[in-house]
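1. Build me a model:
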Amino acid sequence: MSATAERILELLQDPEGLEALYRQEPEAFSEGLAAASAANPDSVALRTWRARLEYKKPAHGAAGPGRLVPAIAIALGFGALLRVPALWLGDEWFYPRFLPSVVMLALAAYFWMGRRDRRLLIIGLTLAVVAAAYVSLLPGDPISTDSVVMAVIHMPLVIWAFLGIVFTGDSWRDADARVRFVRYNGELVVLGSVVALGFGVFSGLTVSLFEMVSEGAAEWYFTNIGVFGVTAVPIAGTYLYEAVFNRRTGIPAVLAKVFAPLFLVMSVIYLSVAFVEGENPFTDRDFLITFNGLLLVVLLIAIFSMIERSESSDTGFMDYINLALVGVTLLINVVALSAILFRLASYGFTPNRVTVLGANLVIMGHLAWLGWTYVGFVRQRVELGVMRRVVGSYLPMYVAWAAVVVFVLPLVFGFA
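-> Below you'll find the model as predicted:
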């Protein structure tokens, strides 16, 4: 019997010790487990470990290879839905209005294939028709007025809400299910970036080869094939998320631990240098835009740091980093909100200012709730699950404001 098998037998009454041994030497642990099980076949702990390590997913499960063909069909179908109308309507008119929303609907169709819920199908088709009719009727060719630009930018967020409903199914009202949807978005960013990198390398080689034999190959390729890549990349990333990684890669958790401290340091240094150098978001519009961009990025990092936090670890260094990141984000939000209110009082109301004002108010409410809950968690008065549910419970507020920007703001400003 190997030393690892003997060590496994010694730790049968120590679950934490078994887990630590497995993490130190996974392969040796798996080999020693068989010998330990032969020596003690009645051990429930050993049988549990064997079930854990030897479990095989069904070959044609909901997320298995059986989803590959539908995934390819969805990517091709929605890619054609993007490219074919643009041939008649024009790229400059069609793509800004429809491209992001069609990608969201493609992802919703992928998850719907696993449910085949008639209600979701009817809701999705109705939403797609209403959204398509609405953005088609918005004036501008190309889009030039601020209220219409804001409506077109925020329409994908409304479709994103429907994607979340399809993803979560009947549990869409559950805050924990919404957190899983947020986590999926983080996983998709990582896996989609990997797929996009591969597609970019493939496209570069293909264009280089065909440019040798035909001038204009690059323009034709990116105009036609590239559009299909726009829908194929997120679908491929989602397929990897489900079929290969079984809905959890663990990569966002690692990235959150790495980038949360980096963004905290970067934000503090940037704010200090910017104000020392005399940058003023109250009078400098470009600086205010940069300020709000920083706010969104740091907010997303803070949220992912919270939802990817390990449940087993005690309060420690990363929790204080996350709490400080929330505090810095709240500070950025207060400054940005003050600057927006100053510009409204000085220069009047415009669609852009109203949109940013509403977004900042929504974000401030979320940050205040997150910060208050995180303080309670650090002081061991609030459980981790409660803190995570704060993330999921607030998501409808973002969607509600997006819907206001899409359907109400253009009417209020007369599509100006």
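
2. Point out where the chain drops to low pLDDT.
-> 1, 55-66, 311-314 (pLDDT under 70).

3. longest single helix anywhere in it?
-> helix 175-211 (DSSP state H).

4. Centre of the chain to it, how far?
-> Mean C-alpha position of helix 175-211 versus that of the full chain (C-alpha atoms, centre = their mean, to the nearest Å) differs by 12 Å.

5. And for stretch 80-95?
-> 27 Å.

6. which residues are contacting it?
-> 98, 99, 102, 141, 142, 223, 224, 227, 228, 230, 231 (C-beta atoms under 8 Å, 6 or more residues apart in numbering). C-beta: built from backbone N, CA, C; applies to glycine.

7. repeat that for 7 Å
-> 98, 99, 102, 141, 142, 224, 227, 230, 231 (C-beta atoms under 7 Å, 6 or more residues apart in numbering).

8. between the residues you listed, which is nearest residue 170?
-> residue 102 (26.0 Å; C-beta to C-beta).

9. Run a quick neighbour tally on that closest one.
-> 24 (other C-beta atoms under 10 Å).

10. what's the burial count for the closest residue to residue 267 other than its chain neighbours?
-> Residue nearest to residue 267 in three dimensions, not counting chain neighbours: residue 328, with 5.0 Å by C-beta to C-beta, 6 or more residues apart in numbering. If you count neighbours by other C-beta under 10 Å, residue 328 ends up with 21.

11. Is residue 328 in contact with residue 269, as I believe?
-> No - using C-beta atoms under 7 Å, residue 328 is not in contact with residue 269, being 10.9 Å away.

12. And residue 139, its phi and psi?
-> In terms of degrees, to the nearest 10, the main-chain angles of residue 139 are phi -70, psi 160.

13. Where do the domain boundaries of this structure fall?
-> 3-54, 65-244, 251-382 (automatic domain parsing).

14. ok so, going back, just to be sure, which of the contacts of stretch 80-95 are found in strands?
-> Assigned to strands by DSSP state E, none of the contacts of stretch 80-95 qualify.

15. Of those residues, which belong to helices?
-> Reading helices off these with DSSP H, I get 98, 99, 102, 224, 227, 230, 231.

16. Export those to JSON lines and append columns for distance to residue 31.
-> Listed next are the ones in helices among the contacts of stretch 80-95 as JSON lines, based on distance: C-beta to C-beta, whole Å:
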{"residue": "98", "distance to residue 31": "55"}
{"residue": "99", "distance to residue 31": "51"}
{"residue": "102", "distance to residue 31": "50"}
{"residue": "224", "distance to residue 31": "53"}
{"residue": "227", "distance to residue 31": "50"}
{"residue": "230", "distance to residue 31": "46"}
{"residue": "231", "distance to residue 31": "45"}
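
17. Of those, which is the nearest to residue 75?
-> residue 231 (5.2 Å).

18. Test my guess that the closest one contacts residue 106.
-> Yes - at 5.0 Å, residue 231 counts as touching residue 106 under the criterion of C-beta under 7 Å.

19. Overlap of the contact sets of the two?
-> residue 78.

20. Show me the helices in the stretch 251-400 of the chain, by range?
-> 251-276, 285-307, 317-347, 351-378, 384-407 (DSSP state H, counting those that start in this stretch).

21. Taking their axis directions, the last one and helix 285-307 sit at what angle?
-> The one in question is helix 384-407. Relative orientation of helix 384-407 and helix 285-307, computed by axes from the mean of the first three to the mean of the last three C-alpha atoms, to 10 degrees: 140 degrees.

22. What residues of helix 384-407 count as buried?
-> 384, 387-395, 398-399, 401-402, 405-406 (16 or more other C-beta atoms under 10 Å).

23. next one: the third one
-> By neighbour count on 16+ other C-beta under 10 Å, the buried set for helix 317-347 is 318-319, 321-330, 332-333, 335-337, 339-340, 343.

24. angle of it against helix 384-407?
-> 20 degrees.

25. Using the three-state scheme, assign residue 41.
-> coil (DSSP: H, G, I helix; E, B strand; the rest coil).

26. and it, how many neighbours does it have?
-> Neighbours around residue 41, by other C-beta under 10 Å: 9.

27. out of the contacts of stretch 80-95, what pair is the most spread apart?
-> Across these (C-beta to C-beta), the longest gap, 24.2 Å, separates 141 and 231.

28. Neighbour count: those two, which is higher?
-> residue 231 (25 against 9).

29. so how far is whichever strand or helix holds residue 154 off the chain centroid?
-> Element membership for residue 154, per DSSP states H and E: helix 146-168. A distance of 14 Å separates the centroid of the chain from that of helix 146-168, by C-alpha atoms, centre = their mean.

30. which helices and strands sit right next to it?
-> helix 91-113, helix 118-137, helix 175-211, helix 351-378, helix 384-407, helix 409-412 (3 or more C-beta pairs under 7 Å, 6 or more residues apart in numbering; DSSP states H and E).

31. ranking the ones you listed by burial, who's on top?
-> The highest mean neighbour count among the helices and strands packed on helix 146-168, using mean count of other C-beta atoms under 10 Å, belongs to helix 91-113: a mean of 20.

32. quick one on the thing from earlier: present the domains of the chain as JSON lines; the columns should include distance to residue 416.
-> Converted to JSON lines, the domains of the chain look like this (distance: least, C-beta to C-beta, whole Å):
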{"stretch": "domain 3-54", "distance to residue 416": "60"}
{"stretch": "domain 65-244", "distance to residue 416": "5"}
{"stretch": "domain 251-382", "distance to residue 416": "7"}
